[in-house]
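Asks: Build me a model from this:
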Amino acid sequence: MTKVSVIIPTAKRPKLLRRALDSAFAQTMHDIEVIVVVDGPNEETLAMLGGEQDCRLRILHNPSSIGPGAARNAGAAIARGQWLAFLDDDDEWMPRKLEVQLAVGERNPNALITCRCQVITPRGTFVWPRRIYDGSMPIDEYAFDRRSIWRGDSYLATPTFFLRKDVFMRSRFGTTSQHEDTTLLLRVTKEQGGKIIMLPDVLVVIHAEQSGGLSQGSNFAWREVLGWADGMGALLTRRAYSGLCLVTLASQAKVHSDYAAIPVLWKLSWQKGAPTPMQILVFSAFWLVPMGPRRALRAFVLRWSKPHSA
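Replies: Residues are numbered from 1 along each chain as shown. Sure thing, here's the model as predicted:
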């Protein structure tokens with residue numbers, strides 16, 4: 001039986017996919033298979049994959065796009081490995097990523113193993129998260145209840161995820177267009193009773209500079225995200241809900257000059273959430289302090305904290 005199945009969904013980015021594939025095949029752990037899920041019509045990608053000589057490659061082609069969450073689920077469903085690891089087509093792994101995570105996973109079979117990342121952005125390269133998740137709070141509060149005014153304090157990236165296939169198949173990624181990865185984390189921890197173990201090792205490289213940064217980009221739709229949050233029901237704590245409104249969504253609304261979001265997010269954060277002083281401070285900073293001064297202050301602070309941020 002194959003030890004680890006690597007799932008890579010892709011959509012019309014063959015050159016970036018090539019890098020991701022190379023990093024998977026270069027792992028120090030060799031007992032793997034790599035399942036590339038080609039999501040939708042993509043002749044150039046299929047041609048590139050057709051020339052791949054490594055026999056560990058498997059290809060699953062969806063004739064029409066089903067989205068990243070559903071594509072990952074489809075790849076996992078045909079996986080032969082005892083363990084699953086997920087990689088995005090525009091990111092890459094350090095050579096020992098699977099070896100290190102498997103060693104921890106075999107001692108913690110019900111856990112989802114994650115790690116820290118080297119995040120390359122247009123403004124610099126950082127090591128995120130600065131605050132490693134230690135299990136002392138629900139995973140949704142770690143993700144959405146920011147404890148710092150600086151981005152990268154908490155960070156969970158799908159290419160870091162590593163878990164047993166049987167644990168995954170009882171949980172799975174969400175299939176909506178929003179937060180499909182957070183859905184998996186909530187299901188693993190709050191429905192299946194599993195835990196999240198974050199390693200301090202930097203094992204993944206996130207190339208945010210090639211995907212327009214770490215925002216939700218032109219697909220940002222805060223009403224859809226609120227719909228996702230409401231659909232999670234009791235799996236999302238009130239504190240996490242208000243953090244999602246006042247920090248995550250408010251910052252994106254500011255980037256897109258979506259001023260209609262301000263009163264709605266503020267109102268919902270109190271109706272359905274439990275705002276903290278830090279959440280209110282971050283929300284106020286987004287909307288009251290111009291981008292220029294905020295970036296200058298952030299650059300100054302990061303310059304004096306390089307061991308923690310770059």
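Asks: what sits up against the longest strand seen in the chain?
Replies: Looking across the chain with DSSP state E, the single longest strand is strand 195-207. For strand 195-207, contacts defined as CB atoms under 8 Å, 6 or more residues apart in numbering pick out 16, 23, 90-94, 96-97, 100-101, 104, 108, 110-120, 127, 129, 132-135, 139, 157, 159-160, 185, 188-189, 214. Glycine gets a C-beta too; all of them are placed from N, C-alpha and C.
Asks: try 7 Å this time
Replies: 90-94, 97, 100, 104, 108, 111-120, 127, 132-133, 135, 139, 157, 159-160, 185, 189 (CB atoms under 7 Å, 6 or more residues apart in numbering).
Asks: Just the ones of these in strands?
Replies: 92-93, 111-120, 127.
Asks: just checking, D54 touches A26?
Replies: No. At 10.4 Å, D54 does not count as touching A26 under the criterion of CB atoms under 7 Å.
Asks: sorry, back to before: for the longest strand of the chain, the averaged confidence score.
Replies: Computed over strand 195-207, the mean pLDDT rounds to 98.
Asks: how many degrees apart are that strand and strand 111-121 in direction?
Replies: For strand 195-207 against strand 111-121, the angle by axes from the mean of the first three to the mean of the last three CA atoms, to 10 degrees is 20 degrees.
Asks: Paired strands for strand 195-207, with orientation please.
Replies: Here strand 195-207 is paired, per DSSP bridges, with strand 92-93 (antiparallel), strand 111-121 (parallel).
Asks: Any chance of these in a markdown table with distance to L265 and mean pLDDT as columns?
Replies: Below are the strands paired with strand 195-207 laid out as a markdown table (distance: least, CB to CB, whole Å; pLDDT from 0 to 100):
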| stretch | distance to L265 | mean pLDDT |
| --- | --- | --- |
| strand 92-93 | 35 | 98 |
| strand 111-121 | 25 | 97 |
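Asks: re earlier: show me which pair in the ones in strands among the contacts of strand 195-207 is furthest apart.
Replies: Greatest spacing in those, by CB to CB: A111 and I120 (27.9 Å).
Asks: Can you list the low-confidence ranges for this structure?
Replies: Applying pLDDT under 70 to the chain picks out residues 210-220, 289-310.
Asks: mind redoing it with 50?
Replies: Applying pLDDT under 50 to the chain flags residues 212-213, 215-219, 300-301, 307-310.
Asks: can you give me the helices in the chain?
Replies: According to DSSP state H, the chain carries its helices in the segments 14-25, 43-50, 68-77, 97-105, 139-144, 165-169, 180-186, 222-232, 238-243, 250-255, 261-271, 277-288, 291-303, 306-309.
Asks: Now distance to M198 and mean neighbour count too, for these, in TSV please.
Replies: Shown next, in TSV, are those (distance: least, CB to CB, whole Å; neighbours: other CB atoms under 10 Å):
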stretch	distance to M198	mean neighbour count
helix 14-25	21	19
helix 43-50	32	14
helix 68-77	20	22
helix 97-105	10	20
helix 139-144	9	24
helix 165-169	16	17
helix 180-186	11	22
helix 222-232	21	17
helix 238-243	17	24
helix 250-255	23	19
helix 261-271	27	16
helix 277-288	21	16
helix 291-303	22	12
helix 306-309	16	12
